[in-house]
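Asks: Fold the following and give me the result.
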Amino acid sequence: LTLNPGMAFGTGTHDTTRLCMELLEKYITPQDTVLDVGCGSGILGMLALKFGAAYSVGTDLDPCAIEATYENMKVNGIPEDRYEVMIGNIIDDKTVQDTVGYEKYDIVAANILAPVIILLQKEIPVHLKKGGIFITSGIINTKEQDVLDAFAANDQLEVVEVNRQGDWVNVTAVRR
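Replies: The predicted model follows:
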């Protein structure tokens, strides 16, 4: 992929992005539908398509991220009918939640800071299909246990792997 993050996050060089990229490559199967929460430059949604996913949706709070994603889609030949991007907060915006849809995604990725992941773990299961995968990163190692504790308290998610690169941690869970 050719990426210009503009004012958004996501060039593929940061440890957290690489962790997500590796796990997307591991878990994507043909025809998967993927949701990237906090899409930044659009890197994870576009990579999901390159790895064989049928469709991606990206959400972000920052209008600059949405603009960067559309520009990166154009540069990389990603058609808008395969990658939908929207602005908004899936945690507390009912319109975004409804637009994203329910029990629709095979994989949800969130490369966001730990406090946001802790909030997301409550919302994401309703958007994942049963057996769907929730890939997270952006977790500094000092916050790893906080994230693991939050996932452990959620009876809809089961942690299936934890990976580390540098000072950063990934937590991947499956929806029960």
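
Asks: residue ranges for the helices of this structure, please.
Replies: Applying DSSP state H to the chain gives helices spanning 15-27, 43-50, 63-75, 94-100, 114-123, 144-152.

Asks: now for the fourth one, which elements pack on it?
Replies: Read that as helix 94-100. strand 55-60, strand 83-87 (3 or more CB pairs under 8 Å, 6 or more residues apart in numbering; DSSP states H and E). C-beta coordinates here come from the backbone N, C-alpha and C atoms, glycine included.

Asks: Any idea how far it is from the middle of the chain?
Replies: Counting by CA atoms, centre = their mean, to the nearest Å, helix 94-100 is centred 16 Å from the centre of its parent chain.

Asks: Please point out which parts of that helix sit buried.
Replies: Across helix 94-100, burial judged by 16 or more other CB atoms under 10 Å covers Val96, Gln97, Val100.

Asks: from what I can see Pro125 touches Leu157, true?
Replies: Yes. At 6.1 Å, Pro125 counts as touching Leu157 under the criterion of CB atoms under 8 Å.

Asks: Are there residues contacting both of those two? Which ones?
Replies: Common contact partners of Pro125 and Leu157 (CB atoms under 8 Å, 6 or more residues apart in numbering): Phe134, Arg175.

Asks: For the residue nearest to Ala173 when sequence neighbours are not counted, give me its contacts.
Replies: Of all residues not flanking Ala173 in the chain, Leu157 sits nearest, at 4.2 Å (CB to CB, 6 or more residues apart in numbering). Leu157 makes contact with Gln121, Ile124, Pro125, Phe134, Phe151, Ala173, Val174, Arg175, Arg176, according to CB under 8 Å, 6+ apart.

Asks: Pick out whichever of those residues sits closest to Pro63.
Replies: Checking the contacts of Leu157 against Pro63 with CB to CB, the nearest one is Ile124 at 23.0 Å.
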